[in-house]
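>>> model the structure of this input:
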Amino acid sequence: MEDKLIEHYSSRPEIDRLTMRSGLLEAARTQELLLRYLPEGATVLDVGGGDGFYAEWLARRGHPVQLLDAVPLHVEEARRRAGQPPLFDAQVGDARRLPFEDGCFDAVLVLGPLYHLVQREERVLALREAARVCAPGGFVLAAAISRLAPALDGIGNGWIVDEHKFETVLLQLAEGASGDREPGFPAISYFHHAEELAQEAREARLDVQGVLGIEGPAGFLPDLETRWGDRVMRERILWLARTLETEPVGLAMSGHLLLVARA
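Sure, this is the predicted structure:
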């Protein structure tokens, strides 16, 4: 899985995902939620931080940030983004084996690794590692792809009419993952139910505060980028995401979920 993951993420810039189409809403809402939970000036570990999109944003807001990612190309891009002198530090590493001492960060973000850890025990291990390096009482904020995301994306963008892709979606709905390369989703992905994510966090000895829907149903609009350009429509889209963030329907129809927990 690691080889497929690195191959996929080395083939295109990760920055594109959060600056176009549904990524615009995902990024805006994730930033909004991080502001809600991160104390001012908190030291942050950004696990699976990609090319540093959130690390740069947080560093510019006064947070000391350490980024870690499994893909060497991402770390190279993050270091370029950090500039000189660097706004934040970045290094290659594995979410399941964090190279940091116990309790050395005020908050830990896990905004990508759970997408590609198909085995439950590996996801729990990653969450347990996040809890270990987070100071007692600090926030661990972890993102997951929701179980309905492939089906909703396939309907919104039309690719679900392909019979093989539809069969893959059925398997993903039933089991959370498939052995194939998923249409519309990178490498091998895992898709969570909200309560499943909460249970994994509890197993990792985290104090679960809740699971929130990030984007809401608007994240699957095929013309979201066009609608996002209208200021009033953008505010209505964000309003809907906030309104539904804790509702079962909002969780089910969000592309991504955010676990909010304390170490």
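
>>> just the helices from the stretch 1-150 of the chain, written as ranges.
For the stretch 1-150 of the chain, applying DSSP state H, counting those that start in this stretch gives helices covering 2-9, 22-37, 53-60, 72-82, 120-133, 149-157.

>>> next, format those as CSV and append mean pLDDT.
Converted to CSV, the helices of the stretch 1-150 of the chain look like this (pLDDT from 0 to 100):
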stretch, mean pLDDT
helix 2-9, 67
helix 22-37, 97
helix 53-60, 98
helix 72-82, 95
helix 120-133, 98
helix 149-157, 95
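
>>> next, format those helices as JSON lines and append distance to residue 168 and mean neighbour count.
Heads up, the C-betas are built off the backbone N, CA and C, glycines and all. Listed next are those as JSON lines, based on distance: least, C-beta to C-beta, whole Å; neighbours: other C-beta atoms under 10 Å:
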{"stretch": "helix 2-9", "distance to residue 168": "16", "mean neighbour count": "15"}
{"stretch": "helix 22-37", "distance to residue 168": "20", "mean neighbour count": "19"}
{"stretch": "helix 53-60", "distance to residue 168": "29", "mean neighbour count": "21"}
{"stretch": "helix 72-82", "distance to residue 168": "26", "mean neighbour count": "19"}
{"stretch": "helix 120-133", "distance to residue 168": "20", "mean neighbour count": "21"}
{"stretch": "helix 149-157", "distance to residue 168": "8", "mean neighbour count": "20"}
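
>>> nearest to residue 216, out of the ones you listed?
Taking C-beta to C-beta, helix 22-37 is the member of the helices of the stretch 1-150 of the chain nearest to residue 216, at 8.1 Å.

>>> now the helices of the stretch 1-150 of the chain in a markdown table, with distance to residue 104?
Shown next, in a markdown table, are the helices of the stretch 1-150 of the chain (distance: least, C-beta to C-beta, whole Å):
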| stretch | distance to residue 104 |
| --- | --- |
| helix 2-9 | 26 |
| helix 22-37 | 19 |
| helix 53-60 | 17 |
| helix 72-82 | 20 |
| helix 120-133 | 6 |
| helix 149-157 | 33 |
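
>>> next one: the residue lying farthest from the centre of the chain from residue 174, what distance?
Distance from the C-alpha centroid of the chain peaks at residue 163, with 28.7 Å (C-alpha atoms, centre = their mean). Counting by C-beta to C-beta, to the nearest Å, the gap between residue 163 and residue 174 amounts to 17 Å.

>>> can you check residue 29 too?
28 Å.

>>> where exactly do the strands run in the protein?
Along the chain, counting by DSSP state E, strands occupy 44-47, 65-69, 89-92, 105-110, 134-146, 191-192, 207-213, 256-262.

>>> okay if I get these as JSON lines plus distance to residue 56 and mean neighbour count?
What follows is the strands of the chain, written out as JSON lines (distance: least, C-beta to C-beta, whole Å; neighbours: other C-beta under 10 Å):
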{"stretch": "strand 44-47", "distance to residue 56": "10", "mean neighbour count": "28"}
{"stretch": "strand 65-69", "distance to residue 56": "8", "mean neighbour count": "26"}
{"stretch": "strand 89-92", "distance to residue 56": "10", "mean neighbour count": "17"}
{"stretch": "strand 105-110", "distance to residue 56": "13", "mean neighbour count": "25"}
{"stretch": "strand 134-146", "distance to residue 56": "17", "mean neighbour count": "22"}
{"stretch": "strand 191-192", "distance to residue 56": "27", "mean neighbour count": "24"}
{"stretch": "strand 207-213", "distance to residue 56": "23", "mean neighbour count": "19"}
{"stretch": "strand 256-262", "distance to residue 56": "20", "mean neighbour count": "23"}
